[in-house]
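Student: below is the sequence, then the predicted model.
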Protein chains: 2
Amino acid sequence: MKRRHSRSSDGSSGISSGSVSVASSVCDGNQNDTSVSMTSETQLPKEETLRLRNEHLGSLTALYFRENPLKIIRAERQYMYDEEGNQYLDCINNVAHVGHCHPAVSEAAYQQMTQLYTNSRYLHDNLSTYVKRITQLFPDPLTVCFLCNSGSEANDLALRLARAHTGGSEVITLFGAYHGHIQSTIDISPYKWKNDMADKPKYVHVAPNPDMYRGPHANSASPGRDYALEVKKIIDTIKLDGKQLSAFIMESLQSCAGQVLPPPGYMTEAFRYVREAGGVCIADEVQVGFGRVGSHYWGFETQDVIPDIVTIGKPMGNGHPIAGVITTKAIADSLGNIVSSYFNTYGGNPVSCAIGHAVLDVIEDEQLKKNAQEVGEYAVKELQKLELKHKIIGDVRGMGLFVGIEIVKNRSTREPGTAVANEIHRRMKNRRIIISVDGAFDNVLKMKPPMCFSRSNVDHVVWSLDEVMSEIATSDVIKPLKPSTGTSHLEEVNVSHLSAATN
Amino acid sequence: MKRRHSRSSDGSSGISSGSVSVASSVCDGNQNDTSVSMTSETQLPKEETLRLRNEHLGSLTALYFRENPLKIIRAERQYMYDEEGNQYLDCINNVAHVGHCHPAVSEAAYQQMTQLYTNSRYLHDNLSTYVKRITQLFPDPLTVCFLCNSGSEANDLALRLARAHTGGSEVITLFGAYHGHIQSTIDISPYKWKNDMADKPKYVHVAPNPDMYRGPHANSASPGRDYALEVKKIIDTIKLDGKQLSAFIMESLQSCAGQVLPPPGYMTEAFRYVREAGGVCIADEVQVGFGRVGSHYWGFETQDVIPDIVTIGKPMGNGHPIAGVITTKAIADSLGNIVSSYFNTYGGNPVSCAIGHAVLDVIEDEQLKKNAQEVGEYAVKELQKLELKHKIIGDVRGMGLFVGIEIVKNRSTREPGTAVANEIHRRMKNRRIIISVDGAFDNVLKMKPPMCFSRSNVDHVVWSLDEVMSEIATSDVIKPLKPSTGTSHLEEVNVSHLSAATN
């Protein structure tokens, strides 16, 4: 399998024994062939990997398990392997959508990289066929797309399209929302606001997220209607201020907010209010798209609506940076109101499009949407059994392979069990299962694994959670706040670990 | 060479005769093996490629030669090939830095894609060694970096770092500047403003770009000093308004503005004023970095300054989306003033870092910086000879493989020769040489080719330009505005072609 190409001095290419070495000056580890595991002598000692990172990578760069970070050197399907060959079950990487390092994707990338890896200013079949194929996965009138590199770039463009089309300035977003890491998307991501509402720009308005477990209308008989009315209230305020609404943006299912599934009717009603006010509706499918919800290809379809703009990303390239904005021809054309042209150096290049095609092929060939539905339903059912046993589980919710387990101190008060959730996370890691903790109160265990996740993987997770939760119930992690008040008002101690977010 | 991997239904990977086809539903052209040219039967007819693109890709998406676009299906080194096998000399793709489809880069990408393609939340040697290696290419105290996907994301982060570090809000940018295609970078890119200064946000201030051919101080005895004083004037205004300067951002050599090289001393003096005002200095090396200027690795080094923040991109991945921000530890740490963490889904993943390493390897192994210096000097010398012959050439300027030829109607008045420049561009395409036209007046022929560009390529370009300019001089493209006024006041007619920008 191992081939090393180099170029002779006259520039012709050929196969040689390998004058080209990758990372040759410091490390030539992972560029060896595809044998099952790396030998330790080709790897830097883990402490050195960490030291170099600490010395030269921005200190704010997120790291899982900061106290004892994992060094992962190989991954395949839903499994990752550390430098000692230990296998970890990956329950959270929604980017490795069709499975880590799927050979069909790597091969498509490589074949195209040897042919052409340039920009979309030239005609290319990969681009033309991909934009046809991806738009055909959306209902009419969503027939046009733009391609870019990341969900952040996609949401940025979506916001600009909305402004160009409506002439409006105001944006409504949801509490807990995460839409990207660049300035314009941080603006509309309460999840990223370090100082909470003090970081909210004036043009941004935050509606309560349609949380059916906690939040103002969690106990309503019509939570969809009532949460949508919150959007209408904001629209009324915007009008009173003499401003024009540009966009209402929401993740079709909220991820970083803690796996929040909107109640039936929410998007239909909210979209109606937004459109009546002249705004456009943006569905952010960056985290949940491409069949993850099981029953449909896109999350918004579960609410029986058609957005005006949809943004897609992460799973689209199975790790490769590709993202897109799908919209109507009219909205796409209106971009001309604010700029003369759209160009993205990498967006729509032949390699990214080849990878995009390969990902869609695998989703179809391996029936991953169907797998997500079946395994997801099984996971929720099994976790609900666990809920009967462990009182720290306040709620189990999910749709396809997008599942949340809300940890609480007290089922009646629903007080978030932040420290316990993080302790579960840590202990699951020790059992070589990677889940994450997220949400406004950092108390929701999240699962959004590669789509090839199996029933036996679910069994493994549920069985391990059962054990970990049993351990914790008898450990000093949970201590009664007041002696002999029973199981309510649990206090959490001895938990210093802070989990990283998993957007 | 051709291999097709597929996965059996149980998910194990292996090599098969190929159930996995890329773009299988519509096209399986470019995924064939690496033979010299595609056969036409594996390609869509060009009209169909164009039709699908027009139907499903946002209409604002830039396309070269809109009237008769090129379909490029393969490229190698500085050469591109259309669907009929015609070879084009690529004089403009600074992204394909070490040559289109360099096998060392494709191979490094592939080898790593088969191992691990996940995010920077886990430790990985590729990331640790790459951040060490890339920061070592910068002078102290620039020892820390952040990784992301595009120059736009890099400049966005640079602006946020500046704000976090200084507490300031105001940004000074240069006339003609291009820093990216997302909202925050369009804000500081006069090049992208559809309505010119009407599109300028209040927090942005535009200084004259330090153009030694046209502009307020082009004829000054001390243009560096005088242009820097323009920056100081703006700083004084900001202070008078009671505002705080955040950043001064400039491309070390301006590209979209028309290959503008700052005069000696400019950056030194401008940086001094900025720092005295508590601002930070950002050098955008997205277009010109990685040895393109020949004499140095980075453009700012030719001005003998050390910026506070440097952004890098395009050439960094030779086509693959990778970019970065290099800065001081103090500035990197200050990001914590505004956000809790930095995370970028793809930034710093092991594949991008493997590619980044491979690009650096090739630059070193093939001595491309030296080549840029030698071939660039030769190009400027030969073009200056052409200048003696053709009066439509107002200026020839360059540094390494970053060269501009300013086309004018009149050498005395320096009136821009926009239509003639575009006609040259079109005729060069017909001779299968791809150059571009850019600048505030769309009259500067630009060259920024892959770094393996050779002396014979220069000869080919110069000889062709000579012929094209001679043709144009005797054609009806240039007609005297008034009969018998000689060569001055040329009027341009019969040119309907509009070139695309080449950021």
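Tutor: The structure has been received and is ready for your questions.
Student: please make it C-alpha for all contacts and neighbour counts, starting now.
Tutor: Fine.
Student: tell me how many other residues crowd A:Ser352.
Tutor: Residues lying near A:Ser352 (other Cα atoms under 10 Å in any protein chain shown) number 31.
Student: and the residue lying closest to it once chain neighbours are set aside, backbone torsions?
Tutor: Among residues not flanking A:Ser352 along the chain, A:Ile322 sits closest, at 6.3 Å (Cα to Cα, 6 or more residues apart in numbering or on different chains). Backbone torsions for A:Ile322, taken as degrees, to the nearest 10, come to phi -150, psi 140.
Student: can you count the residues close to A:Ile322?
Tutor: Counted with other Cα under 10 Å, residues neighbouring A:Ile322 total 31.
Student: also A:Glu387?
Tutor: Neighbour count of A:Glu387, defined by other Cα under 10 Å: 17.
Student: A:Thr173 too?
Tutor: 26.
Student: please apply the same query to the one 5 residues further on.
Tutor: For A:Tyr178, the neighbour count with other Cα under 10 Å is 27.
Student: I'd say it and A:Gln259 touch.
Tutor: No. A:Tyr178 lies out of contact with A:Gln259 (Cα atoms under 8 Å); the separation is 11.8 Å.
Student: A:Glu382 against A:His460, yeah?
Tutor: No. In this structure, A:Glu382 is not within contact of A:His460 by Cα under 8 Å, at 11.0 Å.
Student: need the strands for the stretch 1-150 of chain A, in chain order.
Tutor: A:4-7, A:13-16, A:72-76, A:79-82, A:87-90, A:144-148 (DSSP state E, counting those that start in this stretch).
Student: for the residue in the stretch 151-300 of chain A positioned nearest to chain B, which three-state class applies?
Tutor: In the stretch 151-300 of chain A, the residue that lies nearest chain B is A:Lys194 (5.3 Å; Cα to the nearest Cα). Under the three-state scheme (DSSP: H, G, I helix; E, B strand; the rest coil), A:Lys194 adopts coil.
Student: and the nearest residue to it once chain neighbours are set aside, what does it touch?
Tutor: Counting by Cα to Cα, 6+ apart, A:Lys194 lies nearest to B:Val339, which is 5.3 Å off, once chain neighbours are set aside. By Cα atoms under 8 Å, 6 or more residues apart in numbering or on different chains, B:Val339 lies in contact with A:192-194.
Student: quick one: end-to-end length of stretch A:184-204, please.
Tutor: Distance between the two ends of stretch A:184-204: 11 Å, counting by Cα to Cα, to the nearest Å.
Student: and stretch A:81-97, by the same measure?
Tutor: Stretch A:81-97 stretches 18 Å from its first residue to its last (Cα to Cα).
Student: before we move on, what about stretch A:174-183?
Tutor: With Cα to Cα applied, stretch A:174-183 spans 17 Å between its terminal residues.
Student: go on, stretch A:270-290?
Tutor: Between the opening and closing residues of stretch A:270-290 there is a gap of 24 Å (Cα to Cα).
Student: so what's the gap between that stretch and the chain middle?
Tutor: 18 Å (Cα atoms, centre = their mean, to the nearest Å).
Student: show me what counts as buried in it.
Tutor: Going by neighbour count (16 or more other Cα atoms under 10 Å in any protein chain shown), the buried part of stretch A:270-290 is A:270-275, A:277-290.
Student: tell me if I'm right that A:Pro210 and A:Pro264 touch.
Tutor: No. Assessed by Cα under 8 Å, A:Pro210 is found out of contact with A:Pro264, at 10.0 Å.
Student: which of these two has more residues huddled nearby?
Tutor: Remark: of A:Pro210 and A:Pro264, A:Pro210 carries more neighbours, 28 against 15, as counted by other Cα under 10 Å.
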